[in-house]
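Trainee: Requesting a structural model of the entry that follows:
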Amino acid sequence: MAASCDRGVRHHRNEDAVALDARAEPGSHAVLVVCDGVSNSVDSDIASLAAARAARDVLARATSGGIGTARARVAAAAKALETAADAANDAVVASTVAGPAANPGNPASCTFVAAVVDASLLVVGWVGDSRAYWIPETGEPQLLTVDDSYAAEQIANGVARAEAETGPQAHAITRWLGSDSSDHVPHTASLDLLTPGWVLACSDGLWNYCSEPAALMALVHELAPTPPEPLALADALVDWANAQGGIDNITVALARIDPPTQEGNPDGHVHS
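Mentor: Numbers count the residues shown, from 1 in each chain. As a prediction, this is how the structure comes out:
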């Protein structure tokens, strides 16, 4: 696993942040957290970094260890993501400016997305419009998150994704972390990782230019080195986003998944 976090071409500072953790045993447990500071708020760069670190520290300690039913493991991971979002929100409030020195209308705030890989189980949680994707070597890619944004509401009402995500309020988010957040409980989703591929968490600095899962999968396959190398791919995706214009900060976090082949079970599914 690896990540790349870049200021982009047009911003004067990097308000994105990323934090990672992995157990020593390959394939056992990994955590990817991406936070994107809200640009029109004070101390958004401090907010995003504090949030990413706090969430990572919670999730690094939380694992089911592969024990229990699939439903129990998903529930445990979802609960850990709620605790991580609580810690991240507290970190934003504790580490940023408050009182008369702050902008009372826009206190420090950021988005949050976290991906937890626990053996073959992936559980993601999010608040805002930072995203998590599953990009397999073969098969259907998936956007695992649904943005908390005005654009996502338009898409749900039938507006084409390309139109909604380029409109005047495309990046107006409806949920975030910070002192003025009314709801920072993360939405969650889960997926069994049964084929080789990439878990990808990113800020909108990447998906601005490549939103659809199929298009992102094609880009990943085009840029991925052989053999797979997460840092090289993360850097290549950031460079690509900058080449498209780099209108925002860009963060890409990746975990390479190579599940073991199940003996006597060529489709890779574990049957009980």
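
Trainee: For this protein, give the helix that spans the most residues.
Mentor: If each helix of the chain is counted by residues according to DSSP state H, the longest one is helix 70-95.

Trainee: For that helix, list every residue counted as buried.
Mentor: Neighbour-count burial for helix 70-95 flags 73-78, 80-82, 84-89, 91-93, 95 (criterion: 16 or more other C-beta atoms under 10 Å). For glycine as for every other residue, the C-beta is placed from the backbone atoms N, C-alpha and C.

Trainee: Distance-wise, check residue 7 relative to residue 207.
Mentor: 17 Å (C-beta to C-beta, to the nearest Å).

Trainee: Of those two, which one has the most company?
Mentor: Residue environment comparison for residue 7 versus residue 207 gives the larger neighbour count to residue 207, 24 against 17, counting by other C-beta atoms under 10 Å.

Trainee: for the more buried one, what are its contacts?
Mentor: Applying C-beta atoms under 8 Å, 6 or more residues apart in numbering, one finds that residue 207 lies in contact with 131, 216.

Trainee: how close does it sit to residue 25?
Mentor: With C-beta to C-beta as the criterion, residue 207 and residue 25 are 31 Å apart.

Trainee: Residues contacting the very next helix or strand once past the longest helix of the chain, please?
Mentor: As assigned by DSSP states H and E, the chain's next helix or strand after helix 70-95 is strand 109-110. Contact partners of strand 109-110, identified using C-beta under 8 Å, 6+ apart, comprise 15, 17, 35-38, 41, 44, 47-48, 51, 92, 128, 176-181.

Trainee: again, 6 Å this time
Mentor: The set of residues external to strand 109-110 that reach it, using C-beta atoms under 6 Å, 6 or more residues apart in numbering, is 35, 36, 37, 38, 41, 47, 48, 51, 176, 177, 178.

Trainee: what about the chain, any weak spots by pLDDT?
Mentor: Under the criterion of pLDDT under 70, the regions of the chain flagged as low confidence span 63-67, 97-105, 168, 170, 261-272.

Trainee: ok, 80 please
Mentor: Under the criterion pLDDT under 80, the flagged ranges of the chain are 40-41, 63-68, 97-106, 151-152, 155, 161-162, 164-171, 260-272.

Trainee: so what's the nearest residue to residue 32 once chain neighbours are set aside bridging to?
Mentor: In space, residue 32 comes closest to residue 253 once its chain neighbours are excluded; the distance is 4.2 Å by C-beta to C-beta, 6 or more residues apart in numbering. Assessed by DSSP bridges, residue 253 has beta-bridge partners residue 3, residue 201.

Trainee: Spit out the contact partners of residue 253.
Mentor: The neighbours of residue 253, taking C-beta under 6 Å, 6+ apart as the test, are 3, 18, 32, 34, 201.

Trainee: what's the answer for residue 210, then?
Mentor: The neighbourhood of residue 210, defined by C-beta under 6 Å, 6+ apart, consists of 216, 219.

Trainee: cool, residue 84 as well?
Mentor: Counting by C-beta under 6 Å, 6+ apart, residue 84 makes contact with 55, 58, 59.

Trainee: and those as CSV, adding distance to residue 226, secondary structure and neighbour count?
Mentor: Formatted as CSV, the contacts of residue 84 follow (distance: C-beta to C-beta, whole Å; DSSP: H, G, I helix; E, B strand; the rest coil; neighbours: other C-beta atoms under 10 Å):
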residue, distance to residue 226, secondary structure, neighbour count
55, 33, helix, 31
58, 35, helix, 20
59, 31, helix, 27
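
Trainee: tell me which of those residues is nearest to residue 108?
Mentor: Each of these was checked against residue 108 using C-beta to C-beta; the closest is residue 55, at 15.8 Å.

Trainee: so how far is residue 193 from residue 252?
Mentor: In this view, residue 252 and residue 193 are 19 Å apart by C-beta to C-beta.

Trainee: So residue 188 is in contact with residue 125, correct?
Mentor: Yes: the criterion here is C-beta atoms under 6 Å, and residue 188 meets it with residue 125 at 4.7 Å.

Trainee: more crowded one of those two?
Mentor: residue 125 (28 against 20).

Trainee: where's residue 198, which helix or strand?
Mentor: Using DSSP H and E, the element containing residue 198 is strand 197-202.

Trainee: by contact count, what packs against that strand?
Mentor: Packing partners of strand 197-202 (3 or more C-beta pairs under 6 Å, 6 or more residues apart in numbering; DSSP states H and E): strand 112-118, strand 131-136, strand 250-257.

Trainee: Fine, thanks again, bye for now.
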